[in-house]
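Visitor: have a look; sequence and predicted model below, questions after that.
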Amino acid sequence: MSIPKEFKVDHLFLLVGENPLPNYVAANLLLNKDGGTPYLVYTTGTEDKAKRLGEILQSELNGLKQAQLISLGKYESDANYIQNKISSKLGEIKTGKIGLNYTGGTKAMSVHAYRALFYEKNSNQSFQQRPEIIFSYLDARHLEMCIDREEGEPKRIKVKPEDLQIKLEKIFHIHGWKWLDKRKPIETPQFPNAAQSFAEFHTDENLVKLWRTWCDEVLRKLTKDNKDNWLTENKLKQVPFLNLKFNDKDNNEVSLIDSDSITKALAQLGVIGEEISLQSIKSQDFDKVKDICQWLDGEWLEHYVLKQVQSISKDLEIDDSATSFWIKDPNSNKNKFQFDVAFTRGYQLFAISCTTSTDKSLCKSKLFEAHIRARQLGGDEARVALICCASDNDEDSQGKKKYTINALRTEIINVLNSSPESSKRDYKLEVFGRDDLIDLEQKIMTWIYNV
């Protein structure tokens with residue numbers, strides 16, 4: 001259900017913290033769209049975030065009045081200062097229902113702002129409860145808007161995807177981040193049928209190793225420099241045909257075409273015979289030769305994952321999805337970070353890190369980085385998954401099973417779960433291995449429903 005009219009307000013005080021996304025959500029859900037006013041309470045450390053949020057709300061032409069900015073400066077823990085600032089602004093409000101959403105900001109800001117709105121001073125210097133103030137907070141665990149009630153439990157209102165749909169670009173904009181002009185996210189999977197075939201043969205441990213060996217010994221040696229960077233586009237255009245028969249690092253002769261599964265996958269790219277022409281593949285669906293090199297080297301997995309997400313988008317009300325996010329820091333010429341695959345369901349951000357590696361350390365590193373970045377953008381509501389080519393059936397040098405996927409899940413729980421001793425599974429973070437690739441669509445759907 002959407003927010004009932006009785007809980008909508010004309011004046012909404014919002015405490016701006018490190019992540020302004022909950023403030024944006026609250027403003028859109030709680031303010032009356034026929035002239036409601038957001039009041040953004042911020043500190044020295046969140047001034048830029050508050051001003052940017054105010055500009056975004058104003059630019060959307062959604063019926064809201066211009067945001068009022070209330071600066072606490074460096075006094076975010078000063079009870080008297082906070083109460084005086086908010087009380088002063090309250091004195092300017094003559095009509096309309098008032099509310100406070102205290103999801104953001106520090107705990108001290110929440111407590112003192114709450115007190116400032118809850119009590120009003122009488123002419124005789126005594127205090128009385130201020131009538132009809134709507135206090136609320138956004139419950140990240142249950143995706144609910146909670147309305148405080150003086151007696152009893154708060155009124156919990158489920159925020160459904162259709163209540164507020166936020167595009168990925170909007171989430172980045174709220175944080176002041178944007179992607180590189182020449183590297184915009186890819187919204188349509190490239191070579192989805194070929195990616196499907198690649199996923200199929202990557203369920204076989206031996207073929208995973210075989211393809212990785214070819215990438216290392218043939219593809220990379222001809223398309224990368226001695227600093228492990230891809231060659232310039234002009235040089236890549238001069239790369240000769242890539243042979244599918246080669247010698248591995250032990251000088252053993254190996255052939256990819258001995259595998260029917262790999263041959264089938266390459267045929268989806270138009271490759272028939274014993275050689276690959278990068279130029280020929282590039283002309284079909286890629287802007288640059290570098291793009292097809294990266295696709296063959298492992299980015300096919302990102303496109304496969306994006307295709308699986310988009311196949312369930314309508315049923316699960318997934319509003320926006322893409323792959324290959326290169327994020328730009330507006331205050332620097334350097335890239336800030338990269339996302340592999342991301343999508344939004346309502347206002348909730350889902351981020352998926354992809355790697356064809358089977359190495360546990362690398363997999364864990366990618367998952368933790370994705371977790372940190374997703375939390376920065378999507379807050380506590382964000383969900384993160386790793387999709388890799390490891391398996392619980394992988395064996396070590398002594399022939400013992402390594403249980404890589406299970407080990408990754410266990411370590412995640414121990415490090416990130418607030419209650420690791422709890423027997424209840426926490427689906428905020430999930431790990432999928434090569435055994436999940438074939439029915440990945442269903443696995444992702446189950447993961448989304450569980451969170």
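Guide: Right, received. Where do you want to start?
Visitor: check the offset of stretch 78-98 from the chain's centre.
Guide: Its chain's C-alpha centre and that of stretch 78-98 lie 36 Å apart, by C-alpha atoms, centre = their mean, to the nearest Å.
Visitor: list the contacts of it.
Guide: 8-13, 39, 41, 68, 70-72, 75-76, 108-109, 111-113, 115-117, 120-121, 130, 132-134 (C-beta atoms under 8 Å, 6 or more residues apart in numbering). All C-beta atoms are positioned from the backbone trio N, CA, C, and that covers glycine.
Visitor: give me the low-pLDDT residue ranges for this structure?
Guide: Along the chain, the parts satisfying pLDDT under 70 run over 1, 121-129, 329-337, 417-427, 451.
Visitor: quick revisit: ok, of the contacts of stretch 78-98, which come out buried?
Guide: 8-13, 39, 41, 68, 70, 72, 75-76, 109, 112-113, 116-117, 133-134 (16 or more other C-beta atoms under 10 Å).
Visitor: could you list which of the residues you listed belong to strands?
Guide: Applying DSSP state E to those, the entries found in strands are 11, 12, 13, 39, 41, 68, 70, 133, 134.
Visitor: any chance of the residues you listed in CSV, plus distance to residue 391?
Guide: Below are those laid out as CSV (distance: C-beta to C-beta, whole Å):
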residue, distance to residue 391
11, 56
12, 50
13, 52
39, 53
41, 50
68, 56
70, 54
133, 55
134, 51
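Visitor: helices of the stretch 151-300 of the chain, residue ranges please.
Guide: 168-174, 192-201, 205-214, 220-223, 233-236, 260-267, 278-285, 289-294, 300-311 (DSSP state H, counting those that start in this stretch).
Visitor: could you give the angle of the last one to helix 260-267?
Guide: To tie it back to what came earlier, the one meant is helix 300-311. Relative orientation of helix 300-311 and helix 260-267, computed by axes from the mean of the first three to the mean of the last three C-alpha atoms, to 10 degrees: 80 degrees.
Visitor: who touches stretch 429-446?
Guide: Here stretch 429-446 has contacts from 199-200, 202-203, 205, 208, 304-305, 308-309, 311-312, 315-316, 358, 363, 367, 371, 383-393, 404-405, 408-409, 412, 416, 447, using C-beta under 8 Å, 6+ apart.
Visitor: now list the buried members of those residues.
Guide: Buried among the contacts of stretch 429-446 (16+ other C-beta under 10 Å): 199-200, 202-203, 205, 208, 304-305, 308-309, 358, 363, 367, 371, 383-391, 404-405, 408-409, 412, 416, 447.
Visitor: mind checking which of the residues you listed are in strands?
Guide: Those of the buried ones among the contacts of stretch 429-446 lying in strands (DSSP E): 383, 384, 385, 386, 387.
Visitor: out of those, who's nearest residue 377?
Guide: residue 384 (10.9 Å; C-beta to C-beta).
Visitor: correct me, but that closest one touches residue 354?
Guide: No. Residue 384 is beyond contact range of residue 354, at 11.9 Å (criterion: C-beta atoms under 8 Å).
Visitor: sec struct for residue 35, please.
Guide: coil (DSSP: H, G, I helix; E, B strand; the rest coil).
Visitor: report the contact partners of it.
Guide: 10, 63, 64, 65.
Visitor: how about the helices in the stretch 301-450 of the chain?
Guide: So, for the stretch 301-450 of the chain - with DSSP H, counting those that start in this stretch - the helices run 313-316, 360-378, 404-416, 440-450.
Visitor: deepest in the core, which of those helices is it.
Guide: Highest mean neighbour count of the helices of the stretch 301-450 of the chain: helix 360-378, a mean of 19 (counted as mean count of other C-beta atoms under 10 Å).
Visitor: what's that one packed up against?
Guide: helix 168-174, strand 335-345, strand 348-354, strand 383-387, helix 404-416, strand 429-432 (3 or more C-beta pairs under 8 Å, 6 or more residues apart in numbering; DSSP states H and E).
Visitor: do you know which of the ones you listed lies nearest residue 18?
Guide: Distance to residue 18, taken as C-beta to C-beta, is lowest for helix 168-174 among those, at 12.0 Å.
Visitor: which other residues reach the closest one?
Guide: 20-21, 24, 52-53, 56, 178-179, 185, 320-322, 325, 327, 342-344, 349, 377-378.
Visitor: now, of the residues you listed, which are buried?
Guide: For the contacts of helix 168-174, buried by 16+ other C-beta under 10 Å: 20-21, 24, 52-53, 56, 179, 185, 320-322, 325, 327, 342-344, 349, 377-378.
Visitor: okay, now residue 118: neighbour count?
Guide: 15 (other C-beta atoms under 10 Å).
Visitor: what distance do you get for it to residue 328?
Guide: Separation of residue 118 from residue 328 (C-beta to C-beta, to the nearest Å) stands at 43 Å.
Visitor: repeat for residue 369
Guide: 17 Å.
Visitor: who's in contact with residue 411?
Guide: Shown in contact with residue 411 (C-beta under 8 Å, 6+ apart): residue 364.
Visitor: if we ignore the residues flanking it in sequence, what's nearest residue 74?
Guide: Excluding its sequence neighbours, the residue lying closest to residue 74 (C-beta to C-beta, 6 or more residues apart in numbering) is residue 44, at 5.3 Å.
Visitor: so the one you found touches residue 16, yeah?
Guide: No. With contact defined as C-beta under 8 Å, residue 44 does not count as touching residue 16 (11.5 Å).
Visitor: which one of these two is surrounded by more residues?
Guide: Taking neighbours as other C-beta under 10 Å, residue 44 and residue 16 compare with residue 16 leading, 28 against 11.
Visitor: which ones are touching residue 407?
Guide: residue 360.
Visitor: how about the residue most central in space within the chain, what does it touch?
Guide: Central residue of the chain (C-alpha atoms, centre = their mean): residue 351, 3.5 Å from the mean position. Taking C-beta under 8 Å, 6+ apart, we find residue 351 in contact with 339-342, 370, 373-374, 377-378, 382-385.
Visitor: SS state for residue 136?
Guide: Three-state call for residue 136 (three-state DSSP): strand.
Visitor: what sits opposite it in the beta ladder?
Guide: Under DSSP bridges, the beta-bridge partners of residue 136 are residue 101, residue 147.
Visitor: in this structure it contacts residue 149, no?
Guide: No. Using C-beta under 8 Å, residue 136 is not in contact with residue 149; the gap is 10.7 Å.
Visitor: quick one: which of the two has more around it?
Guide: residue 136 (24 against 10).
Visitor: tell me the spacing between that one and residue 100.
Guide: 7 Å.
Visitor: cool, and residue 10?
Guide: Distance from residue 10 to residue 100, by C-beta to C-beta: 13 Å.
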